[in-house]
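[1] Provided below are the primary sequence and the corresponding predicted coordinates.
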Amino acid sequence: MSPGPDLRAGSALSAPDGTVRIIASTLETLDAEEDGGPALARALKVADPLSWPPEHNDASTRDWMRSLIRDHPNRPGWGSWYILANGRPVGICGYRGPPDDSGCVEIGYSVVEGDQRQGHAGRAVTLLVGRAFGDPQVTVIAAQTLPALIASQRVLTRKGFVLAGSSFDAEVGEILRFELNRPQPT
């Protein structure tokens, strides 16, 4: 099984236009986040975020990411990444872990409210997709969102994802699943 690109924790990827950069989380940055956005910014050596944390990024999420880093030391980069724009953290993005046996990997993202609707999520998704398809094991990339999150659905459809189905969660209700298949060689 190919490990994919050699992206250790703390590695960075940049959008071609230079407006967005994503940096893979480390145990140290996850720990810094526990003390808030300014502590995270110091750990990343960037300016303070407008606000922190973004939605869907709490202590349990960080615990889960720490476990991913520890459980997959030979598969770096398959956890959370920080989205940086304008010299500061503007959100998080990442994977729910390495690809499964069927070649599927799931992505997610969240941008702080004051930095939404500026293209940061779309650029981060482009970087995640490129990194994922750089691993020959990955055949499909999935993402889940809620029906009310129209902007999130637009990010996915603009990046080529298609609605693949839905499921029901007792806590949040309906969840939409979008997928993007690996492009076939032409």
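    Right, received. Where do you want to start?
[2] which non-adjacent residue is nearest Ala132?
    Val138 (4.8 Å; C-beta to C-beta, 6 or more residues apart in numbering). Placement of C-beta: from N, CA and C, glycine included.
[3] for Leu127, phi and psi?
    phi -70, psi -40 (degrees, to the nearest 10).
[4] wait, Gly108 sits on Gly97?
    No: the criterion here is C-beta atoms under 8 Å, and Gly108 misses it with Gly97 at 11.3 Å.
[5] ok, Thr26 - how many residues close by?
    21 (other C-beta atoms under 10 Å).
[6] any idea how far Arg66 is from it?
    Going from Thr26 to Arg66 by C-beta to C-beta, to the nearest Å gives 10 Å.
[7] overlap of the contact sets of these two?
    Shared contacts of Thr26 and Arg66, defined by C-beta atoms under 8 Å, 6 or more residues apart in numbering, are absent.
[8] circling back to that earlier point, more crowded one of Gly108 and Gly97?
    For Gly108 versus Gly97, neighbours defined as other C-beta under 10 Å are more numerous around Gly108 (20 against 17).
[9] tell me the contacts of the more buried one?
    Gly108 neighbours (C-beta under 8 Å, 6+ apart): His56, Cys93, Gly94, Tyr95, Arg96, Ala143, Gln144.
[10] host element of the residue nearest to the fifth one when sequence neighbours are not counted?
    If you skip the residues right next to it in sequence, Arg96 has Glu106 as its closest partner in space, 4.3 Å away by C-beta to C-beta, 6+ apart. Per DSSP states H and E: Glu106 is located in strand 104-111.
[11] what's the angle from the helix or strand where Gln144 lies to strand 104-111?
    In the assignment (DSSP H and E), Gln144 maps to strand 140-145. Angle, strand 140-145 to strand 104-111, by axes from the mean of the first three to the mean of the last three C-alpha atoms, to 10 degrees: 40 degrees.
[12] mean confidence for the helix or strand following strand 140-145?
    Once the chain leaves strand 140-145, the next helix or strand it forms, by DSSP H and E, is helix 150-158. Averaged across helix 150-158, the pLDDT comes to 95.
[13] list the buried ones in helix 150-158?
    Ser152, Gln153, Val155, Leu156 (16 or more other C-beta atoms under 10 Å).
[14] the helix or strand of the chain with the lowest mean pLDDT - contacts with which helices or strands?
    The weakest-scoring helix or strand in the chain, judged by mean pLDDT, DSSP states H and E, is strand 12-14 (a mean of 86). Taking 3 or more C-beta pairs under 8 Å, 6 or more residues apart in numbering; DSSP states H and E as contact, the helices and strands that strand 12-14 lies on are strand 20-24, helix 120-133.
[15] run me through the strand neighbours of that strand, direction for each.
    Strands that pair with strand 12-14, judged by DSSP bridges, come out as strand 20-24 (antiparallel).
[16] outside of the partner strand, which residues touch it?
    By C-beta under 8 Å, 6+ apart, the list of residues contacting strand 20-24 reads 7-15, 29, 44, 76-77, 79-85, 93, 119-120, 123-124, 127-128.
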